[in-house]
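Student: Got a sequence here, can you model it:
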Amino acid sequence: MMMDKLTARQRSQLPTCYYEGYLEKRSFKDKTSRKLWTCLCGNTLFFFNEKRDTDYIEKVDLRGFVSITNDCSQDCNLGAARLNLQLKGENIRITAPNAEARELWRGYICSVVELAVPASINLLPGQIQMLKETVEKEEARINNASPPVVTNSAALVSLQGDKPACYHNVTRLEAELLLEREAERGNMLLRPGSTGSSFAVTTRQHLEGSVIRHYRVTPEHTGGFFIDVDNPVLCATLHDVIEYLVEKTDRVLTPLIFEETYEKNISFICKDCENGESTLLQAPTSLGPPSAHPKKVAPRIPIHEPTEEDNVSLNDQQLHKKAAKKAIMPVPAPRRLLPSPDRTNRAQKMRPTDPQGQIPLAAISELKLKFGQIARY
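Tutor: Numbering: from 1, shown residues only. This next block holds a predicted model:
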């Protein structure tokens with residue numbers, strides 16, 4: 001069972017999922033029923049251990065579908081509802097949680113296989129509409145299933161995105177040497193073929209010496225791959241090629257897979273500043289997420305709310321400023337009037353220009369005296 005998981009595709013690589021849920025599956029080779037998460041992807045049922053798993057552990061190809069019928073036999077679980085899925089060469093018993101889930105599974109499987117909604121189905125109109133949409137999606141998937149022609153095997157693997165874990169890009173001789181060197185890990189690998197558009201499977205076993213075999217795998221133009229032997233075997237994908245070889249050889253052939261190892265603890269090298277010695281240390285484990293660094297916040301300036309006393313003081317300060325401005329303002333100087341030309345000429349006439357033309361004081365006194373005597377007579 002572990003081998004199926006290693007060679008299986010992940011859920012993201014599967015076709016579109018039409019319906020999913022828990023089912024109990026039991027086939028002829030199963031001794032007991034197993035409760036598995038089941039997905040109907042394309043025309044294949046994929047089984048997972050749990051809903052959250054990404055790798056399926058088993059699958060059922062519905063291309064060999066014959067019929068699906070209700071199983072009305074009594075069961076210890078009265079609420080369970082069983083189905084008989086008849087395939088070519090195999091009969092599978094499926095148990096759904098309830099009758100409604102059983103009817104939905106029967107409707108989806110018939111719609112995908114027959115590309116038509118079954119007439120005898122007991123479902124609501126909305127559920128029947130979902131079945132019709134599923135038929136349209138499956139028809140579109142089948143029409144677009146034919147891959148483009150690619151002449152290079154590496155490009156073909158890259159195009160399909162379906163490379164098994166045992167695929168190694170090595171030559172024929174390198175594959176033989178690799179299987180000999182890594183005999184404990186596996187004895188089978190997938191590699192590019194010699195024609196460029198094909199692949200090859202190389203196996204190495206021991207029987208009184210090394211027994212090496214090479215099998216050609218050629219792509220089919222309508223989709224899928226052929227194992228080119230006397231009775232060619234058609235497989236849908238390269239994964240199916242590996243699974244087929246593993247199952248048909250009773251798991252004697254083991255895919256060569258290199259599993260990468262990862263550290264379980266975080267370690268680092270610390271150097272001692274005093275003695276200069278380096279030591280390998282383990283970082284402490286923390287269950288919670290890493291603490292975020294505190295953001296730098298600018299200091300908040302306190303805002304002072306003015307009170308009544310502050311308002312009175314502010315008003316006084318404004319009055320003092322106004323008074324000071326009034327006292328400081330300079331008094332404008334009086335305007336000086338320029339003397340008119342008439343006044344200037346008049347003053348010049350009255351002002352003696354020649355100091356020698358003035359009348360002496362003694363003469364003035366003598367004239368006054370004479371004028372006084374004349375007046376007496």
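Student: which stretches of the stretch 1-150 of the chain form strands?
Tutor: Counting by DSSP state E, counting those that start in this stretch, the stretch 1-150 of the chain has strands at residues 17-26, 34-41, 44-48, 58-61, 65-71, 81-87, 90-96.
Student: Listing partners with orientation, what would you give for the shortest one?
Tutor: Going back to what we said before, that points to strand 58-61. strand 44-48 (antiparallel) (DSSP bridges).
Student: The partner strand - what's its average pLDDT?
Tutor: Here strand 44-48 scores 90 as its mean pLDDT.
Student: hey, which of the strands of the stretch 1-150 of the chain is tucked in deepest?
Tutor: Highest mean neighbour count among the strands of the stretch 1-150 of the chain (mean count of other C-beta atoms under 10 Å): strand 44-48, with a mean of 21. All C-beta atoms are positioned from the backbone trio N, CA, C, and that covers glycine.
Student: Show me the contact partners of it.
Tutor: By C-beta atoms under 8 Å, 6 or more residues apart in numbering, the residues outside strand 44-48 that reach it are 11, 14-15, 25, 36-39, 55-62, 109.
Student: Nearest to residue 270 among the strands of the stretch 1-150 of the chain would be which one?
Tutor: Using C-beta to C-beta as the measure, strand 44-48 is the one of the strands of the stretch 1-150 of the chain that comes nearest residue 270, at 44.4 Å.
Student: Pull out the CA atoms of that closest one and give them to me as CSV.
Tutor: C-alpha atoms of strand 44-48 as CSV (Å, rounded to 0.1, in the frame of the first residue of the first chain):
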residue,chain,number,x,y,z
THR,A,44,-12.0,7.3,-12.2
LEU,A,45,-12.6,6.8,-8.5
PHE,A,46,-9.7,7.9,-6.4
PHE,A,47,-9.5,6.8,-2.7
PHE,A,48,-7.6,8.6,0.1
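Student: Wait, residue 87 touches residue 64, no?
Tutor: Yes: using C-beta atoms under 8 Å, residue 87 is in contact with residue 64, at 4.5 Å.
Student: And the helices in the stretch 101-250 of the chain?
Tutor: Along the stretch 101-250 of the chain, counting by DSSP state H, counting those that start in this stretch, helices occupy 125-143, 153-160, 172-181, 238-248.
Student: What mean pLDDT does the second one get?
Tutor: Model confidence over helix 153-160, given as mean pLDDT, is 48.
Student: Now do the same contact list for residue 116.
Tutor: Counting by C-beta under 8 Å, 6+ apart, residue 116 has contacts 110, 135.
Student: now do 7 Å
Tutor: residue 135 (C-beta atoms under 7 Å, 6 or more residues apart in numbering).
Student: Got the confidence number for it?
Tutor: So, for residue 116, pLDDT stands at 92.
Student: Repeat that for residue 295.
Tutor: Taking residue 295 on its own, its pLDDT is 62.
Student: swap in residue 274?
Tutor: Residue 274 is given a pLDDT of 82.
Student: give me the number of residues near it?
Tutor: 5 (other C-beta atoms under 10 Å).
Student: element containing it?
Tutor: Taking DSSP states H and E as the definition, residue 274 sits outside all helices and strands.
Student: Next: the one 10 residues further on.
Tutor: Under the criterion DSSP H and E, no helix or strand holds residue 284.
Student: got a list of what it touches?
Tutor: With C-beta under 7 Å, 6+ apart, residue 284 has no contacts at all.
Student: and if we set it to 10 Å?
Tutor: By C-beta atoms under 10 Å, 6 or more residues apart in numbering, the contact list for residue 284 reads 265, 266.
Student: May I see the helices of the stretch 101-250 of the chain organised as a markdown table, with distance to residue 284 added?
Tutor: Below are the helices of the stretch 101-250 of the chain laid out as a markdown table (distance: least, C-beta to C-beta, whole Å):
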| stretch | distance to residue 284 |
| --- | --- |
| helix 125-143 | 51 |
| helix 153-160 | 43 |
| helix 172-181 | 40 |
| helix 238-248 | 42 |
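Student: Which of those helices sits closest to residue 275?
Tutor: The nearest among the helices of the stretch 101-250 of the chain, by C-beta to C-beta, is helix 172-181 at 44.0 Å.
Student: Quick check: which helices or strands does that closest one pack against?
Tutor: strand 188-192, strand 199-206, strand 210-219 (3 or more C-beta pairs under 10 Å, 6 or more residues apart in numbering; DSSP states H and E).
Student: contact partners of it?
Tutor: By C-beta under 10 Å, 6+ apart, helix 172-181 touches 168, 170-171, 185-194, 200-205, 210, 212, 214, 256.
Student: which of those residues are buried?
Tutor: For the contacts of helix 172-181, a burial check counting by 16 or more other C-beta atoms under 10 Å picks out 168, 170, 186-193, 200-205, 256.
Student: Just give me the neighbour total for residue 271.
Tutor: The burial count for residue 271: 9, using other C-beta under 10 Å.
Student: With residue 277 instead?
Tutor: 8.
Student: Return the residues in contact with it.
Tutor: 270, 271.
Student: gap between it and residue 268?
Tutor: 15 Å (C-beta to C-beta, to the nearest Å).
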